[in-house]
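K.L.:
Predicted model and sequence follow; I will ask about them next.
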Amino acid sequence: MPQKKFNKFLAPIVIAGITVGFLASAYKFVFAKPKKKKQETHQLQNDLYSENQQTDEIEEVK
């Protein structure tokens, strides 16, 4: 039974593509900040700021 010859041109390109994809995903996982968490933090800061303004206004009325 003859052995199959692997495509010596296509295999390195496929391996390189998989490697680049893996490294890009790892970079995003390690260094990129999640947008959802950043938006939540920004929303919390806005809420706290508006609460502080409301309490300041209430204290001024007294």
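P.N.:
Nice, thanks for sending it over.
K.L.:
All the helices of this structure, residue numbers only.
P.N.:
10-31, 35-61 (DSSP state H).
K.L.:
pLDDT of the longest one, averaged?
P.N.:
Over the span of helix 35-61, the pLDDT mean works out to 66.
K.L.:
Repeat that for the first one.
P.N.:
For helix 10-31, mean pLDDT rounds to 93.
K.L.:
What is that helix packed up against?
P.N.:
Using 3 or more Cβ pairs under 8 Å, 6 or more residues apart in numbering; DSSP states H and E as the contact definition, helix 10-31 packs against no other helix or strand. Heads up, the C-betas are built off the backbone N, CA and C, glycines and all.
K.L.:
Can you show me the CA trace of that helix as PDB?
P.N.:
C-alpha atoms of helix 10-31 as PDB (Å, rounded to 0.1, in the frame of the first residue of the first chain):
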ATOM      1  CA  LEU A  10       0.100  23.800   1.900                       C
ATOM      2  CA  ALA A  11       0.900  22.300   5.300                       C
ATOM      3  CA  PRO A  12       3.300  25.000   6.500                       C
ATOM      4  CA  ILE A  13       0.800  27.700   5.500                       C
ATOM      5  CA  VAL A  14      -2.000  26.000   7.500                       C
ATOM      6  CA  ILE A  15       0.300  25.500  10.600                       C
ATOM      7  CA  ALA A  16       1.400  29.200  10.400                       C
ATOM      8  CA  GLY A  17      -2.200  30.300  10.100                       C
ATOM      9  CA  ILE A  18      -3.300  28.300  13.200                       C
ATOM     10  CA  THR A  19      -0.300  29.600  15.100                       C
ATOM     11  CA  VAL A  20      -1.000  33.200  14.200                       C
ATOM     12  CA  GLY A  21      -4.700  32.800  15.200                       C
ATOM     13  CA  PHE A  22      -3.700  31.200  18.500                       C
ATOM     14  CA  LEU A  23      -1.300  34.000  19.300                       C
ATOM     15  CA  ALA A  24      -3.800  36.700  18.400                       C
ATOM     16  CA  SER A  25      -6.400  35.200  20.600                       C
ATOM     17  CA  ALA A  26      -3.900  34.900  23.500                       C
ATOM     18  CA  TYR A  27      -2.900  38.500  23.100                       C
ATOM     19  CA  LYS A  28      -6.600  39.700  23.200                       C
ATOM     20  CA  PHE A  29      -7.200  37.500  26.200                       C
ATOM     21  CA  VAL A  30      -4.200  38.800  28.200                       C
ATOM     22  CA  PHE A  31      -3.900  42.500  27.100                       C
END
